[in-house]
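J.: my questions concern the predicted model and sequence given below.
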Amino acid sequence: QVELVESGGGLVQAGDSLTLSCTASNIPKYYCMGWFRQAPGKEREFVASIDWSGGYIGYSDSVKGRFTVSRDNTNYEAYLQMTSLKPEDTAVYYCVASEAVFTKMEERFGHWGQGTQVTVSS
């Protein structure tokens, strides 16, 4: 079965950078991978996704220009590089995988990690 394990979360100050990693097990290389986040009291929201080749990449408007998603298919890993972090980026970040070649739709991501907390102080 597919397993996704996130790492790299933590407490940072506004303006800092942080990189999240996701290690995938038993996942076909063609799977779309991505990141969602959920802030306290808010609905879960799409952050970024990437197809297996890196040719298709999508970002939410709230992170576009600040976050970069990438993946290493050799090591079955995905990354989310976050720069210019803001307090409103505070959330639990989830690594996700989908059988779809590329998608941004939450309902298409059937595999989720446990999440890693990112807290940005002002």
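T.: Now that the structure is in, tell me what you want to look at.

J.: contacts only, for the spatially most central residue of the chain.
T.: Central residue of the chain (Cα atoms, centre = their mean): Trp35, 2.3 Å from the mean position. Taking Cβ atoms under 8 Å, 6 or more residues apart in numbering, we find Trp35 in contact with 20, 22, 47-49, 69, 78, 80, 93-96. For the C-beta atoms, the positions are set from N, CA and C on the backbone; glycine is no exception.

J.: and Val63, how far is that from Glu107?
T.: The gap separating Val63 from Glu107 is 21 Å, by Cβ to Cβ, to the nearest Å.

J.: over to Glu107: give its phi and psi.
T.: In terms of degrees, to the nearest 10, the main-chain angles of Glu107 are phi -70, psi -10.

J.: and it, what's its pLDDT?
T.: At Glu107, the model reports a pLDDT of 97.
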